[in-house]
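**Q** just a sequence and a predicted model for now, questions to come.
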Amino acid sequence: MTRHQIFNAPATLPESKRRAALELHVRKAFPFSDPEFAAYWRGTEASVYAWDRAAIHSALDEAHVPRSTRILPETFVRNPGTNEARMVAMLEGFEGQLWQEGFLAASRWWPARPSNLEWSNFLRTTGLTPNGIEVAPEPLELALQDRPWTEGPFSLVDLINALQTRRAIGIAATVALCPFVLAGTSVIGLSVAESNVRAEIATLSQANQGIRQDRAASFANLEAIVEFMRLSAYPPQAKVLGTALKLLEPSGVRIVSWTFDRGTLEIILRGKQELDPTAYITMFEREDVFESVGGTLVGQERDLQLRMSVSKLANL
């Protein structure tokens, strides 16, 4: 099951830090203990779909699909709108959409075609004020695209990834209570009875009440955290660490020490064999995130100590 919401980042927050701020918002705003999400940005606004990671992993396991399968909202692989309120026939149910200058500003899902009253109520929730009862439009039948429209044209990186892997595209349906589907050479529907889903949601809601209260308390000062992030000229350490781990992954080398202080990063690497400082200095300097990389072997384990600067406002 997924839910949709609009997120507005502070205009003063650097673009490189908006993803981290969105991650904090998702954990606070959506009722999942371990959420995953996909988002489409327009300036400082993000149209966000979020879902429960554990529930999707369970569905993937049941369908004998690898957990590495990419999960996407179904809306992101059907043609977007421009300036309109429309109804789209989905693989499971129907989605009401409000588009504003190519941006999905509101979404509502129904398991069956909505009545005129349900459609009018949806329009009112989006801020539109229909006169009386609006007649629900005919559902649009939009073909599934080969790739999500949120990612723009096909790039050389996409081609390399396509040659290296043949992962199917997981398509998440659009709003709460909408089952997920998977699309590869064929489409597999994972149908769930609505009554059973509602009962399961009620059970999970009661069981997770304490977790949700703790999470709400943890993120009560989200705005303060975002403002604090804005004061730093450097990208979040989690993003820097992710970049470093991605560089080291093919070699099997691990990080045994990590020290970051005002833009200066010092790490110690350990491998199964003695490491070549020149090779790893060259590897890190190829990334725009790292500058002025130097290294030397240290200790009895012949670990490699690297010291470098992190680029300000690096776009990770």
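**A** Right, received. Where do you want to start?
**Q** worst-scoring helix or strand of this structure, pLDDT-wise?
**A** strand 187-189 (a mean of 34; mean pLDDT, DSSP states H and E).
**Q** quick one, helices of the protein?
**A** Here the chain has its helices, by DSSP state H, at 15-29, 53-62, 116-125, 156-164, 194-207, 209-218, 222-231, 237-248, 277-285.
**Q** what is the first one packed up against?
**A** In this structure, helix 15-29 makes packing contacts with strand 2-8, strand 35-42, strand 45-52, helix 209-218, helix 222-231, helix 237-248, judged by 3 or more C-beta pairs under 8 Å, 6 or more residues apart in numbering; DSSP states H and E. Where C-beta positions appear, they are placed from N, C-alpha and C, glycine not excepted.
**Q** just the CA trace of stretch 137-154, in PDB.
**A** Taking Å, rounded to 0.1, in the frame of the first residue of the first chain, the C-alpha atoms of stretch 137-154 are listed here in PDB:
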ATOM      1  CA  PRO A 137     -14.900  11.800 -16.200                       C
ATOM      2  CA  GLU A 138     -14.300   8.700 -18.300                       C
ATOM      3  CA  PRO A 139     -11.100   6.900 -17.100                       C
ATOM      4  CA  LEU A 140      -8.100   7.300 -19.400                       C
ATOM      5  CA  GLU A 141      -6.400   4.200 -20.600                       C
ATOM      6  CA  LEU A 142      -2.700   5.100 -20.700                       C
ATOM      7  CA  ALA A 143      -0.100   2.600 -21.800                       C
ATOM      8  CA  LEU A 144       2.800   1.700 -19.500                       C
ATOM      9  CA  GLN A 145       6.000   3.300 -20.500                       C
ATOM     10  CA  ASP A 146       9.400   1.600 -20.800                       C
ATOM     11  CA  ARG A 147      10.900   3.900 -18.200                       C
ATOM     12  CA  PRO A 148       9.600   6.400 -15.700                       C
ATOM     13  CA  TRP A 149       8.900   9.900 -17.100                       C
ATOM     14  CA  THR A 150      10.300  11.400 -13.900                       C
ATOM     15  CA  GLU A 151      13.900  10.500 -15.000                       C
ATOM     16  CA  GLY A 152      13.900  12.300 -18.400                       C
ATOM     17  CA  PRO A 153      15.600  11.000 -21.500                       C
ATOM     18  CA  PHE A 154      17.500   7.800 -21.700                       C
END
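**Q** circling back: for the helices of the chain, which has the smallest mean pLDDT value?
**A** When the helices of the chain are ranked by mean pLDDT, helix 156-164 comes last with a mean of 40.
**Q** who are the contact partners of residue 275?
**A** 253, 269, 297, 302, 303, 304 (C-beta atoms under 8 Å, 6 or more residues apart in numbering).
**Q** what does residue 39 give?
**A** With C-beta under 8 Å, 6+ apart, residue 39 has these contacts: 7, 22, 46, 47, 48, 49.
**Q** burial of the last one, as a residue count?
**A** This points to residue 49. Residues lying near residue 49 (other C-beta atoms under 10 Å) number 27.
**Q** is the closest residue to it other than its chain neighbours bridged to anything, and to what?
**A** Ranked by C-beta to C-beta, 6 or more residues apart in numbering and with sequence neighbours excluded, the top spatial neighbour of residue 49 is residue 73, at 4.1 Å. Listed by DSSP bridges, the beta-bridge partners for residue 73 are residue 172.
**Q** surely residue 73 meets residue 2?
**A** Yes - taking contacts as C-beta atoms under 8 Å, residue 73 lies within contact range of residue 2: 6.5 Å.
**Q** hmm, back to that, just the contacts of residue 275: which has the poorest pLDDT?
**A** residue 302 (78).
**Q** now for that one: which residues touch it?
**A** 274, 275.
**Q** let's see 7 Å
**A** residue 274 (C-beta atoms under 7 Å, 6 or more residues apart in numbering).
**Q** please shift the residue numbers so they start at 8 in all later answers.
**A** Understood, numbering begins at 8; the last thing we discussed is residue 309.
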